[in-house]
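Asker: predicted coordinates and the sequence they were generated for:
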Amino acid sequence: MDLTFNKREDANKLALSAINHKIAKIMKGGGEKRIEKHHSKGKLTARERIDYLFDEDSKSIEIGTFAGYEMYKEHGGCPAGGVVVKIGYVSGKQCIVVANDATVKAGAWFPITGKKNLRAQEIAMENNLPIIYLVDSAGVYLPMQDEIFPDKEHFGRIFRNNAKMSAKGITQIAAIMGSCVAGGAYLPIMSDEAMIVDKTGSIFLAGPYLVKAAIGENVDIETLGGATTQCEISGVTDFKAKDDKECLDRIKSIMGKIGDYEKAGFNRVEPKQPEKEPKEIMGILPESRAEQYDMYEIIQRTIDADSWDEYKPKYGQTLICGYARIDGWAVGIVANQRKIVKSKKGEMQFGGVIYSDSADKATRFIANCNQKKIPLVFLTDVTGFMVGSKSEHGGIIKDGAKMVNAVSNSVVPKFSVIVGNSYGAGNYAMCGKAYDPRLIFAWPSAKIAVMGGSQAAKVLLQIQEASSKEPLTEEQRNDLLKKITDKYEKQTMAEYAAARLWVDEIINPLDTRKWISMGIEAANHAPIAEKFNFGVLQV
C-alpha cells in the first residue's frame, strides 16, 4: 500500500474511533447513577431489555443513536432522544423494537423523542414490519410541551399510526414496564397485545396528583392503574408479568407463533463476499471532501463478487449505474464517481458533479430497476449539478428534474448511503431524506448541506459586508470568515444530521452490507402495490 492509502486509512480510522467514543457515551443514557437506581427497582434498562428480547447471536441495527446529540443543553440533554430503536430478530421474526429509556428524564418525551418514535413507526408501516413497544415513560416533557403536543408530526400522530397499522394488519405488541401516563396510555392499548409488569408497571390517564387536583380523590398508583387493577379489574391489559424477563419471554412466545408474511419477492441467491477486501475502504476514502478517488473501488468492496453488470459504462460517467448483489440480494446501484472523467465528447468532467448525460442515464436506469422489481442503493458523494452557461444551454435543469422525478416516483425500496458530500440538489437526486429512502445512513465522512462550507461562508460574508455600515479591515474580514466557516462546517457534520434524524444512523463503512441486507429483508415484508409512473415529464 502507498503512503496516500496509509494516511487516508489512519484518518478514517480516527474518525470512526471518535464516532464510537461518542456512541459509547450516548449508550449510558442518563448515566451510571440513574442506571443503578433503575436496577435497584428490579428493572432492566432499555438496552438490556432489547438485548434479552432479541435472539442470541442474531444481527441487529440501531436507528437514531445520535438523536438529540448536543441538543437541549439548557434542559440537561436527551441522549439518544430518550428512546432506543433497533431492528432485529425475535423468535426468528424480523421486527423493530422501541424502548423508552427511563434513565433519561424518566423517559419523558422531548420533541426529538416524538420524531424518533414516528420514524420507527414509519419504518414499520413502509415494510409491514412487526413493532414492539417497551413502555417506560413519564409522558410529555412539560417545559417543551408546545413543541411536542399539538402539531401534525407531534405526539398525537403516534396513536393515529397505531390505528393505521392495526388496519393494515401489522403486528403491534406493547409491554408496560414502568410508567405509562396521560395520552401515552393509548399507545399500548391501541396495540394488538398489551402486557404489564407487576409492581413496576402502571398505566392511567391521570396520575394520583392530577386525580387529587381534578376531583379531590386520594388514590395510590397501584390502586389507580397498577398491574392487578388493569389486568383483573378493568381488563385494560392482557397479561401480568412478575418481572421484566417474564414479560419479555411472553413477547418471545407470541412472536414465535406469528404466521409467515406475504413477500414482495425481491431476488436473492447464496451470498458471496466482495471480490476485494472491504477493510481497504478506509484507505481509499480521502480525509478531505475535495479530494478525488475512484468510486468503483468502493463498489468492488461492497457488492458480492462476480455480480456487477454495469449500465451504459461509457456514457454519463460521473454517475455509475449497475446491477449487482449485496449479501445475495439483487440491487441496482446509483453512485457518484468522484474522479475526473472524460466525456464522450472528449471533455473533462469533474468527479462528484452530476451532468446532463449522467442525469439522463440515471433516470433510465432507475426506471429499469422499477420495471424489474430491483431495490435501489444510492452511494452518495455529490457536490451538486453542473452549473454555468454551457450546462444551462444544454438543459441541465430539465435533465436534473427528470432524475428527481424518477427518484420521487420510484416504487421499489430505496436505500441511501451517504459516503461523503451530499450537497444541494444533488442531495435530492441521490435520494436524500425528503425522497423516502427505506433507510438512510451515513459514514463518519459524510457532510450534508446546501453547499460546501468554504463556498457558503464566502457568500454569507459578502452578505454581511454589504450590510455593514463601515468597510471591514482585512483582519476583521478574516476573523468573520473563520467564525462563519466554523459554524457552517459544524452544521454539515454527520453528527449534526444524525442528531436531527436527517439520517437514521452513522455507521462503520464495513457494516454497510449488513444494513442494506437487513433493510431489503424488511422491505420484502411489503409487496409493491403501486405501478411506477413518471407523471408529466419533459423528456
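Answerer: Cool, got the structure.
Asker: other residues contacting stretch 307-321?
Answerer: 272, 295-296, 299-300, 322-325, 332-337, 341-344, 349-355, 357-362, 364-365, 368 (Cβ atoms under 8 Å, 6 or more residues apart in numbering). In short, each C-beta sits where N, CA and C put it, glycine included.
Asker: state the mean pLDDT of it.
Answerer: On average, the pLDDT along stretch 307-321 is 96.
Asker: buried among the contacts of stretch 307-321? Need that as a selection in PyMOL.
Answerer: To isolate the buried subset of the contacts of stretch 307-321 in PyMOL, counting by 16 or more other Cβ atoms under 10 Å, use the following:
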select buried, resi 295+296+299+300+322+323+324+325+332+333+334+335+336+337+341+343+349+351+352+353+354+355+357+358+359+360+361+362+364+365
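Asker: which ones among the contacts of stretch 307-321 map onto helices?
Answerer: Mapping the contacts of stretch 307-321 onto helices (DSSP state H) picks out 295-296, 299-300, 357-362, 364-365, 368.
Asker: so where's the stretch 401-539 of the chain shaky on pLDDT?
Answerer: 453, 536-539 (pLDDT under 70).
Asker: cutoff 80 now
Answerer: 451-470, 472, 476-477, 480, 535-539 (pLDDT under 80).
Asker: can you map out the strands along it?
Answerer: 414-423, 439-442, 447-449, 505-506 (DSSP state E, counting those that start in this stretch).
Asker: return the distance of the first one from the chain's centre.
Answerer: If you compare the mean C-alpha spot of strand 414-423 with that of the full chain, they lie 12 Å apart, counting by Cα atoms, centre = their mean, to the nearest Å.
Asker: which of the three states applies to the nearest residue to D55 once chain neighbours are set aside?
Answerer: In this structure, D55 finds its nearest non-sequential neighbour in Y89, 4.7 Å apart by Cβ to Cβ, 6 or more residues apart in numbering. What DSSP: H, G, I helix; E, B strand; the rest coil gives for Y89 is strand.
Asker: now Y89: how far from G259?
Answerer: From Y89 over to G259 the distance is 16 Å, taken as Cβ to Cβ, to the nearest Å.
Asker: the two - which one has more neighbours?
Answerer: Per other Cβ atoms under 10 Å, whichever of Y89 and G259 has more neighbours is Y89, with 18 against 4.
Asker: what's near enough to touch the more buried one?
Answerer: F54, D55, S58, K59, S60, C95.
Asker: could you rerun that using 7 Å?
Answerer: The neighbours of Y89, taking Cβ atoms under 7 Å, 6 or more residues apart in numbering as the test, are F54, D55, S58.
Asker: which ones are touching the first one?
Answerer: It stands for F54. F54 sits in contact with S60, G88, Y89, V90, where contact means Cβ under 7 Å, 6+ apart.
Asker: look at it and report its pLDDT.
Answerer: Confidence for F54, expressed as pLDDT, is 98.
Asker: swap in the last one?
Answerer: At S58, the predicted lDDT confidence score is 97.
Asker: beta partners for the nearest residue to it once chain neighbours are set aside?
Answerer: Once flanking residues are discounted, S58 sits nearest to Y89: 4.4 Å by Cβ to Cβ, 6+ apart. As for beta bridges, Y89 partners with Q94 under DSSP bridges.
Asker: so for Y89, what's the pLDDT?
Answerer: 98.
Asker: coming back round to it: between the contacts of F54, which sits nearest P527?
Answerer: Y89 (21.2 Å; Cβ to Cβ).
Asker: check what contacts the helix or strand harbouring K390 and list those residues.
Answerer: Here K390, judged by DSSP states H and E, is contained in helix 389-393. Outside of helix 389-393, the residues within contact range by Cβ under 7 Å, 6+ apart are S356.
Asker: run the chain-centre distance for that helix.
Answerer: Worked out by Cα atoms, centre = their mean, helix 389-393 lies 36 Å from the chain centre.
Asker: now swap in stretch 343-350 and tell me
Answerer: Using Cα atoms, centre = their mean, the offset of stretch 343-350 from its chain centre is 36 Å.
Asker: for stretch 404-422, same thing?
Answerer: For stretch 404-422 - counting by Cα atoms, centre = their mean - the centre lies 14 Å from the chain centre.
Asker: buried sites along that stretch?
Answerer: 404-407, 409-410, 412-422.
Asker: with respect to D486, which of the contacts of F54 is nearest?
Answerer: S60 (36.6 Å).
Asker: if we ignore the residues flanking it in sequence, what's nearest the closest one?
Answerer: Per Cβ to Cβ, 6+ apart, closest to S60 is G88, 3.4 Å.
Asker: report the contact partners of the one you found.
Answerer: For G88, the contact set (Cβ under 7 Å, 6+ apart) comprises F54, S58, K59, S60, V97.
Asker: so which of these are in strands?
Answerer: Of the contacts of G88, the ones assigned to strands by DSSP state E are V97.
Asker: and the contacts of G88, which of them are buried?
Answerer: If we count by 16+ other Cβ under 10 Å, those have these buried: F54, K59, S60, V97.
Asker: and the gap between the second one and W515?
Answerer: Right, K59. 10 Å.
Asker: same question for the first one.
Answerer: Between F54 and W515 the computed distance is 16 Å (Cβ to Cβ).
Asker: same check, this time on E126
Answerer: From E126 to W515 the distance is 16 Å (Cβ to Cβ).
Asker: which of those two has more residues huddled nearby?
Answerer: W515 (21 against 17).
Asker: quick check on V83: phi, psi?
Answerer: Per-residue torsions, V83: phi -150, psi 140 (degrees, to the nearest 10).
Asker: and it, bridged to which residues?
Answerer: Beta-bridge partners of V83, as defined by DSSP bridges: N100.
Asker: give me the number of residues near it?
Answerer: For V83, using other Cβ under 10 Å, the count is 29.
Asker: isn't it right up against K115?
Answerer: No. The pair V83 / K115 is not scored as a contact, 10.2 Å apart, by Cβ atoms under 7 Å.
Asker: quick one: contacts for the residue nearest the centre of the chain?
Answerer: Closest residue to the average C-alpha location of the chain: D504 at 1.4 Å, with Cα atoms, centre = their mean. By Cβ under 7 Å, 6+ apart, D504 lies in contact with I63, G64, L439, I440, F441.
Asker: kindly recompute the last result at 6 Å.
Answerer: I63, L439, I440, F441 (Cβ atoms under 6 Å, 6 or more residues apart in numbering).
Asker: who are the contact partners of the third one?
Answerer: Contact criterion Cβ under 6 Å, 6+ apart gives S416, K433, V503, D504 as the residues in contact with I440.
Asker: so how many other residues sit close to the third one?
Answerer: If you count neighbours by other Cβ under 10 Å, V503 ends up with 28.
Asker: who's in contact with stretch 166-176?
Answerer: 128, 130-135, 165, 188, 191-196, 201, 203, 247, 251.
Asker: hang on, V341 packs against Q349?
Answerer: Yes. In this structure, V341 is within contact of Q349 by Cβ atoms under 6 Å, at 5.3 Å.
Asker: what's around K33, how many residues?
Answerer: Neighbours of K33 (other Cβ under 10 Å): 9.
Asker: so how far is S40 from it?
Answerer: From K33 to S40 the distance is 11 Å (Cβ to Cβ).
Asker: buried sites along the helix holding K390?
Answerer: Residues of helix 389-393 classed as buried: S391 (neighbour count, 16+ other Cβ under 10 Å).
Asker: repeat that for stretch 294-313.
Answerer: 295-304, 307-308, 311-312.
Asker: swap in stretch 32-49?
Answerer: For stretch 32-49, a neighbour-count test (16+ other Cβ under 10 Å) marks R34, I35, H38, K43, L44, T45, A46, R47, E48, R49 as buried.
Asker: which ones among those residues are found in helices?
Answerer: Using DSSP H, these in helices are R34, I35, H38, A46, R47, E48, R49.
Asker: for the fifth one, give me its contacts.
Answerer: With contacts defined as Cβ under 6 Å, 6+ apart, the neighbours of R47 are V84.
Asker: how does it look with 10 Å?
Answerer: R47 is in contact with M27, K28, G29, I35, E62, A80, V84, K86, A99, D101, T103, counting by Cβ atoms under 10 Å, 6 or more residues apart in numbering.
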